[in-house]
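[1] Here's my sequence, what's the structure:
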Amino acid sequence: MNQTTIDQLLAVLPRNKTIESAVSGLFFYCADKPSKAVSYIQEPSICIVLQGEREIYLGADCQRFDNSNLMFCPVNIPLSMHIKHASIKNPVIVLSMKLDLAIIRDVLSQIPTTQPMTGSHLGIKWHLDDTIMDAFERLIRLLDYPNDIDFLSSLIRQEIYYRLLLAEQGNKLKQLVVSGSHTHRIAQATDWIKAHLDEPIMVESLASKCGMSVSGFHQHFKEITQLSPLQYQKSLRLMEARRLIKIYGTQISQIAMQVGYESPSQFSREYKRLFGVSPSNEL
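    Next comes the predicted model:
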């Protein structure tokens, strides 16, 4: 990315917090100091480290991201981010853009079908080529021209999706919007789990909702999220609980029940195992 664009961002971005820009669905995070691993739910999105590097922990897997690659999250994914090296002179800048499935479908409908839909494994790490980065840079530069954002941002997004769909791993994005694909079905399952956090998961029922066998559902679910359905639900429950505790404070037992825990002691144990602190120490 052009250094001038980086300097313009550094002049306006607040430090060590995530903000949504004037371009809807386009977020930035700028860190000027190292951080411990932070757990959160990454919404379906494309994420790019514009400067510096960060480590992403997904299940037991750890991957390092810099400006030579992008992170593709097709579904809501519970993950942890660790920034080891950042300073006031050399901050880390991360961009994320929410996926707009309607625009992706529209762009896909206008691209001649030249590749078969192969494989369901969705690695989150993609090579970032210059054509994709150039389009993102033009989207960022729109922030200097607020009167142009409404009209031009949608056009640039279309180009970004066009470039992604034609990229080496483009079939992974196609599968997200093609009804009946494994990815589309697992996305429906993760949406259901998120909307019913306080309910127990019946894997057989969830697989049936997705039109998949139990074994096939387990396989494709773990390929996409790196977690089993039960592990995925637990991570979402705990991350939602942490968000609620930070907002509402002392109602820990009530929050535990709200996200589906019947046992406060089990909730505290699993919370501390994931975040390294007990719920009460978050207050």
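
[2] which outside residues touch stretch 14-28?
    9, 13, 29-33, 35, 91, 93-98, 100, 139-140, 142-143, 146, 149, 153 (Cβ atoms under 8 Å, 6 or more residues apart in numbering). Using the backbone N, CA and C atoms, a C-beta is placed for each residue, glycine as well.

[3] Any of the residues you listed buried? List them.
    9, 13, 29-32, 91, 93-97, 100, 139-140, 142-143, 149, 153 (16 or more other Cβ atoms under 10 Å).

[4] Can you list which of these are found in helices?
    Among the buried ones among the contacts of stretch 14-28, the ones falling in helices (DSSP state H) are 9, 139-140, 149, 153.

[5] Could you dump the residues you listed into CSV and include distance to S80 and pLDDT?
    Converted to CSV, those look like this (distance: Cβ to Cβ, whole Å; pLDDT from 0 to 100):
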residue, distance to S80, pLDDT
L9, 24, 95
L139, 27, 97
I140, 26, 96
I149, 32, 97
S153, 30, 97
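
[6] and whichever helix or strand W126 is part of, what does it pack onto?
    Under the criterion of DSSP states H and E, W126 resides in strand 125-127. Applying 3 or more Cβ pairs under 8 Å, 6 or more residues apart in numbering; DSSP states H and E, one finds that strand 125-127 makes contact with strand 69-73.

[7] domains for the chain, by residue range?
    Using automatic domain parsing, the domain parsing of the chain gives 3-175, 178-229, 231-282.

[8] so where do the helices sit in the stretch 51-200 of the chain?
    101-109, 130-141, 149-166, 170-177, 182-195 (DSSP state H, counting those that start in this stretch).

[9] Output the fourth one as PDB, nothing but the C-alphas.
    C-alpha atoms of helix 170-177 as PDB (Å, rounded to 0.1, in the frame of the first residue of the first chain):
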ATOM      1  CA  GLY A 170     -12.100 -17.500  -5.400                       C
ATOM      2  CA  ASN A 171     -14.200 -20.700  -5.300                       C
ATOM      3  CA  LYS A 172     -14.200 -20.300  -1.500                       C
ATOM      4  CA  LEU A 173     -16.100 -17.000  -1.800                       C
ATOM      5  CA  LYS A 174     -18.400 -18.400  -4.500                       C
ATOM      6  CA  GLN A 175     -19.400 -21.300  -2.200                       C
ATOM      7  CA  LEU A 176     -20.500 -18.800   0.500                       C
ATOM      8  CA  VAL A 177     -23.400 -17.500  -1.700                       C
END
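
[10] and that helix, how far out from the chain's middle?
    With Cα atoms, centre = their mean, to the nearest Å as the basis, helix 170-177 stands 15 Å off its chain's centre.

[11] now it against helix 101-109, angle please.
    Counting by axes from the mean of the first three to the mean of the last three Cα atoms, to 10 degrees, helix 170-177 points 130 degrees away from the direction of helix 101-109.

[12] returning to what we had before: would you mind putting the helices of the stretch 51-200 of the chain into CSV with distance to A241 alongside?
    Compiled in CSV, these are given as follows (distance: least, Cβ to Cβ, whole Å):
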stretch, distance to A241
helix 101-109, 28
helix 130-141, 34
helix 149-166, 34
helix 170-177, 28
helix 182-195, 14
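
[13] Which of those helices sits closest to G52?
    Ranking the helices of the stretch 51-200 of the chain by proximity to G52 (Cβ to Cβ) places helix 130-141 first, at 15.5 Å.

[14] Can you give me the buried ones in that closest one?
    Those would be 132-133, 135-141, for helix 130-141 by 16+ other Cβ under 10 Å.

[15] quick one: average confidence on the strand holding W126?
    Averaged over strand 125-127, pLDDT sits at 91.

[16] How about stretch 13-33?
    Throughout stretch 13-33, pLDDT has a mean value of 96.

[17] May I see the buried residues of it?
    Neighbour counts over stretch 13-33 (16+ other Cβ under 10 Å) mark 13, 21, 23, 26-32 as buried.

[18] Measure how buried V214 is and give me the count.
    Applying other Cβ atoms under 10 Å, we find 13 other residues in the vicinity of V214.

[19] Correct me if wrong: it contacts A207.
    Yes. Between V214 and A207 there is a contact under Cβ atoms under 8 Å: 4.8 Å.

[20] Give me the residue ranges of the stretch 101-250 of the chain where confidence is low.
    114-122, 250 (pLDDT under 70).

[21] Cool, thanks, talk later.
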